[in-house]
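**Q** what follows is a predicted structure for the sequence shown.
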Amino acid sequence: MSKYYAKKLKTDDGVFDSKREWQRWCELKLLLRAREISDLTRQVSFELIPVQKYDGGTERAVKYIADFVYYDKYGKLVVEDAKGVKTKDYIIKRKLMLQKFGIHIVEV
């Protein structure tokens with residue numbers, strides 16, 4: 001169990017961090033079949049800040065991992081997060097996604 005009490009689900013489509021995430025995946029698969037969306041993928045990584053090197057050390061890259069990424073029927077890229085708890089880290093990463101890529105994360 002995660003620190004926010006979400007239970008992981010193992011399904012034929014893979015492991016999901018929560019029931020909410022799995023339910024949204026099922027909805028998106030239906031939209032994909034209906035051709036309302038295209039190129040549906042899960043757990044897509046976006047590098048927000050690259051690796052930083054300094055005298056004698058390295059700072060790891062900062063990444064945001066989107067729950068779902070797809071294109072809507074108008075060809076617009078959509079990045080979704082099945083969000084339960086909005087941590088401070090998540091809020092900063094959400095702002096960095098907008099600043100660096102011009103992507104507003106859709107929270108479901």
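**A** Nice, thanks for sending it over.
**Q** ok, the residue nearest the centre of the chain - contacts?
**A** Against the mean C-alpha coordinate of the chain, by CA atoms, centre = their mean, the closest residue is Ala66 at 1.3 Å. Taking CB atoms under 8 Å, 6 or more residues apart in numbering as the criterion, Ala66 is in contact with 43-46, 79-81, 105. Any C-beta I mention is one placed from the backbone N, CA and C, and that applies to glycine too.
**Q** quick one, strands of the protein?
**A** Assigned by DSSP state E, the strands in the chain fall at 9-11, 14-16, 37-49, 52-54, 57-59, 62-72, 77-81, 106-107.
**Q** list the contacts of the last one.
**A** Pointing back at strand 106-107 there. In contact with strand 106-107 (CB under 8 Å, 6+ apart) are residues 78-81, 83, 86.
**Q** what does the first one give?
**A** Judged by CB under 8 Å, 6+ apart, the contacts made with strand 9-11 from elsewhere in the structure are 15-16, 18-19, 21-22.
**Q** over to the fourth one?
**A** The set of residues that contact strand 52-54 without belonging to it, under CB under 8 Å, 6+ apart, is 58-59.
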